[in-house]
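Novice: Show me how the following folds:
(chains A and B)
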Protein chains: 2
Amino acid sequence: MAELQNDRFLRALLKQPVDRTPVWMMRQAGRYLPEYRATRAKAGSFMDLCRNKELACEVTLQPIERYPIDAAILFSDILTIPDAMGLGLRFEAGEGPVFDRPVRTQADADKLFVPDMHDDLGYVMDAVSTIRKALNGRVPLIGFSGSPWTLATYMVEGGSSKTFSKIKAMMFDNPKLLHQILDTLADSVTTYLNAQIESGAQAVQIFDTWGGVLTPRDFREFSLNYMQKIVDGLIKEREGREIPVILFTKGGGLWLEQMADTGAHALGIDWTLNLADARARVGDKVALQGNMDPTVLYASPERVRQEVANVLASYGKGAGHIFNLGHGVHPEINPETVGAFIDAVVELSPKYHS
Amino acid sequence: MAELQNDRFLRALLKQPVDRTPVWMMRQAGRYLPEYRATRAKAGSFMDLCRNKELACEVTLQPIERYPIDAAILFSDILTIPDAMGLGLRFEAGEGPVFDRPVRTQADADKLFVPDMHDDLGYVMDAVSTIRKALNGRVPLIGFSGSPWTLATYMVEGGSSKTFSKIKAMMFDNPKLLHQILDTLADSVTTYLNAQIESGAQAVQIFDTWGGVLTPRDFREFSLNYMQKIVDGLIKEREGREIPVILFTKGGGLWLEQMADTGAHALGIDWTLNLADARARVGDKVALQGNMDPTVLYASPERVRQEVANVLASYGKGAGHIFNLGHGVHPEINPETVGAFIDAVVELSPKYHS
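Specialist: So this is what the prediction gives:
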């Protein structure tokens, strides 16, 4: 493997000194980029794009070609694991993901299994190793997975949900069944992320997109517990480098302390709390990734720059901050505004690291 | 006016001793009740139902007839004020509310005005006084309004939104324009709630449904500031009783302390924090209303009872708790489960007040 030329992101995750704050964006490879839309058009369906290692590599690298971003993230879907479990994933226009065979009963849950990382999910590993080679040491590559709770919401609801009524009914009335599902998912995610690490991912992020719809007690029991199992089971080091783990629970601002106690290296923070408070609460335990409101990117480049300055000032001096949005970049955003955003981080952050 | 026979709810809002924890539900008059669906069918459109004082009164009283609930809440829409401002409110199937004339420019904002409480919103006041008479002192009547920020989201976006991109772009690039809109809305809401109080409402709740999509700084500047103005401008006392004000910011768990400092009597709490923590944070400043996860009502009656016990135990002994869900009751819920829920509060709460 080519030697890493930019390790700012990995160093910041480990709270080591850097010359400036590293930056990347959730969904940085995505529809806001015309070059992404062009590749997507030639790929066919969204899952066809994920399954084609050359095209998945192409879109992963697009934001890196365009902007001075400090990390690439594997282009893939959050639902690869339940798809590999045979639940029949489809994407319906305007409806999002749909599972033809949702998991509702004991019999449904008994059929679930840890997918084979070669036969069932080899296409993801192929994409990881292809991207890693193509990056050629420019920036590190992030692998990712949905959290067990988040994957389970789609599997039990049969798709997206606003109310989470089916999985919550299961949680209240048959917690044992839900725990069985989450257990299989935690094993699957651990195996999946370890396979990504072995294929070349240099850091991993667990997206707990729906952890924030739970009560504090249920978050601990049904989401955090399983992220803890994953953190415990991950490969700690490879190629002589520690593999940092980032946990991101959208709407998890109230639970930072517990998340920091998992042994994860960093927490993703949405924009509903400020980094100064978050930093005071977690102390030296973890690095923090975030947290500019993604809608700032609808504003003028000047205003974006001002907000970047605010977020940098909020974290303050010293190591342990990775700049990111508090959620994925929206598809309607102007790529030039994204450029202004990334440039502002590059230009305004060095003074926090002198 | 008939003398109030059950003032548990009003006493609890003022942190005065009660015999048991009072209970009501957000959206308690709603689609989960077959009798509501019957009245709705004869009314025509949803706004026709809101505009018909007899039918609005009928649906307001339905949950009171069925369950031992301790408060009635005016049946109305959250968007009556922008509708009265002439923005052309329609309800599209599957899309929710739509405004034909959204507020996007200085010229749009300059046309906004404080609606006349007789000519433009008299139908709401007629409903309030009709309901108050029909209640005949059984339980107190709650008036309500959306918060200025929440109303503005619909007015600027032109309807519901997932990303709030238009109002946030305005907030970042033209905050002065947004402040002008919010100012008119704060004046309108104050006048509106005062008119409801004069028509017979005995407590009022401000629904800040979308305050939780803001950063802490923007929440203070664009939502909380205007709720503060409203709290300051409300009628304090009527018929020899204090008029309590409840603020409910969905997803506002991180900002309780600031909300408690507004002078509001109570805060509505969603289920993402537990009442013990919330109580410790706000101290004696305010009563707390909430906060059972509304999806608990998808579970069995036995499990519902267990969760009621948990929520009661979480608040603990003493005055100042009003039992409610953390958000509105869902339309699919079985009315018998709601009965089990209300009964559980009635039966299990007295020991916290001995």
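Novice: By mean pLDDT, point me to the weakest helix or strand of chain A.
Specialist: None of the helices or strands of chain A scores lower by mean pLDDT, DSSP states H and E than strand A:89-92, at a mean of 90.
Novice: Just give me how far that strand sits from the chain centre.
Specialist: Relative to its chain's centre, strand A:89-92 lies at 21 Å (CA atoms, centre = their mean, to the nearest Å).
Novice: and the longest helix along chain A with chain B, contact?
Specialist: As assigned by DSSP state H, the longest helix anywhere in chain A is helix A:175-199. No - with CB under 8 Å from any CB of the partner chain as the criterion, chain B is not reached by helix A:175-199; the gap is at least 9.7 Å. The C-beta positions use only the backbone N, C-alpha and C, and glycine is treated the same way.
Novice: helices or strands up against that helix?
Specialist: helix A:80-84, helix A:106-110, helix A:122-135, strand A:141-146, helix A:148-157, helix A:165-173, strand A:203-208, helix A:225-233 (3 or more CB pairs under 8 Å, 6 or more residues apart in numbering or on different chains; DSSP states H and E).
Novice: List just the one of these that sits closest to B:Gly137.
Specialist: With CB to CB as the measure, helix A:165-173 is the member of the helices and strands packed on helix A:175-199 nearest B:Gly137 (37.0 Å).
Novice: Can you tell me what sits against that closest one?
Specialist: A:102, A:104, A:152-153, A:156-158, A:161, A:177-178, A:218, A:222, B:293, B:295-296, B:298-300, B:303, B:307, B:330, B:332 (CB atoms under 8 Å, 6 or more residues apart in numbering or on different chains).
Novice: please redo it, this time with the cut-off set to 7 Å
Specialist: A:104, A:152-153, A:156-157, A:177-178, A:218, A:222, B:295-296, B:298-300, B:303, B:330, B:332 (CB atoms under 7 Å, 6 or more residues apart in numbering or on different chains).
Novice: again, but for stretch A:8-21
Specialist: Contacts with stretch A:8-21, where a contact means CB under 7 Å, 6+ apart, come from A:22, A:24, A:70-71, A:139-140, A:202-203, A:241-242, A:244, A:246, A:265-266, A:287, A:312, A:319-323, A:345-346, A:349-350, A:352-353.
Novice: picking up where we left off before, the longest helix of chain A vs helix A:122-135, what angle?
Specialist: Per axes from the mean of the first three to the mean of the last three CA atoms, to 10 degrees, the angle that helix A:175-199 makes with helix A:122-135 is 40 degrees.
Novice: still on that earlier bit, inside strands: which ones of the contacts of stretch A:8-21?
Specialist: With DSSP state E as the criterion, strands contain A:203, A:241-242, A:246, A:266, A:287, A:321-323 from among the contacts of stretch A:8-21.
Novice: Look up how far chain B lies from A:Lys250.
Specialist: According to CB to the nearest CB, to the nearest Å, A:Lys250 and chain B sit 11 Å apart.
Novice: how near is that residue to A:Glu157?
Specialist: According to CB to CB, to the nearest Å, A:Lys250 and A:Glu157 sit 17 Å apart.
Novice: What residue, apart from its backbone neighbours, is nearest A:Lys229 spatially?
Specialist: A:Ala186 (4.5 Å; CB to CB, 6 or more residues apart in numbering or on different chains).
Novice: thought the one you found was touching A:Gln228?
Specialist: No - using CB atoms under 7 Å, A:Ala186 is not in contact with A:Gln228; the gap is 8.9 Å.
Novice: neighbour-wise, which of those two wins?
Specialist: Comparing A:Ala186 with A:Gln228 by other CB atoms under 10 Å in any protein chain shown, the one with more neighbours is A:Ala186, at 24 against 19.
Novice: number of nearby residues for A:Leu288?
Specialist: Look at A:Leu288: counted by other CB under 10 Å, it has 25 neighbours.
Novice: beta partners for it?
Specialist: A:Leu267, A:His321 (DSSP bridges).
Novice: Quick check: mean pLDDT of stretch A:333-352?
Specialist: Taken as a whole, stretch A:333-352 has a mean pLDDT of 98.
Novice: on that earlier part again, columns mean pLDDT and distance to A:Gly30 on top of the helices and strands packed on helix A:175-199, output as TSV?
Specialist: Output for the helices and strands packed on helix A:175-199, formatted as TSV (pLDDT from 0 to 100; distance: least, CB to CB, whole Å):
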stretch	mean pLDDT	distance to A:Gly30
helix A:80-84	98	17
helix A:106-110	98	32
helix A:122-135	98	15
strand A:141-146	98	14
helix A:148-157	98	19
helix A:165-173	97	27
strand A:203-208	98	14
helix A:225-233	98	25
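Novice: B:Leu256 is nearest to which of these?
Specialist: Set against B:Leu256 and scored by CB to CB, these come closest in strand A:203-208, at 23.3 Å.
Novice: and the closest one with helix A:148-157, angle?
Specialist: Put simply, strand A:203-208 runs at 50 degrees to helix A:148-157, going by the same axes, to 10 degrees.
Novice: which strands and helices sit next to strand A:203-208?
Specialist: For strand A:203-208, the elements it packs on are strand A:141-146, helix A:148-157, helix A:175-199, helix A:225-233, strand A:245-249, judged by 3 or more CB pairs under 7 Å, 6 or more residues apart in numbering or on different chains; DSSP states H and E.
Novice: Could I get these in TSV, plus columns for distance to B:Ala12?
Specialist: Below are the helices and strands packed on strand A:203-208 laid out as TSV (distance: least, CB to CB, whole Å):
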stretch	distance to B:Ala12
strand A:141-146	42
helix A:148-157	35
helix A:175-199	32
helix A:225-233	35
strand A:245-249	33
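Novice: Around chain B, pick out the residues from chain A.
Specialist: Contacts of chain A with chain B, taken as CB under 7 Å from any CB of the partner chain, map to A:163-165, A:168-169, A:172-173, A:212, A:215-216, A:251, A:253-254, A:271-274, A:293, A:295-296, A:298-300, A:303, A:330, A:332.
Novice: In PyMOL, select just the buried ones from those.
Specialist: A single PyMOL command is used to select the members of those judged buried by 16 or more other CB atoms under 10 Å in any protein chain shown:
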select buried, chain A and resi 163+164+165+168+169+172+212+215+216+251+253+254+271+272+273+274+293+295+296+298+299+303+330
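Novice: taking the residues of chain A next to chain B one by one, which sit in helices?
Specialist: Using DSSP H, the subset of the residues of chain A next to chain B located in helices is A:165, A:168-169, A:172-173, A:216, A:303.
Novice: Any chance you could list what contacts stretch A:268-278?
Specialist: For stretch A:268-278, the external contacting residues (CB under 7 Å, 6+ apart) are A:205, A:246-248, A:250-251, A:253, A:256, A:288-293, A:311, A:314-316, A:324, A:326-327, B:212, B:215-216, B:251, B:254.
Novice: got it, and stretch A:299-312?
Specialist: Stretch A:299-312 is contacted from outside by A:21, A:275, A:291-292, A:296-297, A:323, A:337, A:340-341, A:344-345, A:348-349, A:352, B:169, B:172-173, using CB under 7 Å, 6+ apart.
Novice: and that stretch, which residues are buried?
Specialist: So, applying 16+ other CB under 10 Å, buried residues of stretch A:299-312: A:299, A:301, A:303-305, A:307-308, A:311-312.
Novice: for stretch A:58-75, same thing?
Specialist: Under the neighbour-count rule (16+ other CB under 10 Å), stretch A:58-75 has A:58-64, A:67, A:69-75 buried.
Novice: contacting residues around stretch A:244-261?
Specialist: The contact list for stretch A:244-261, computed with CB under 7 Å, 6+ apart, reads A:10, A:13-14, A:203-209, A:211-212, A:216, A:219-220, A:224, A:227, A:231, A:234, A:262, A:264-268, A:270, A:272-273, A:278, A:281-282, A:285-286, A:289, A:327, B:251, B:253-254, B:272-273.
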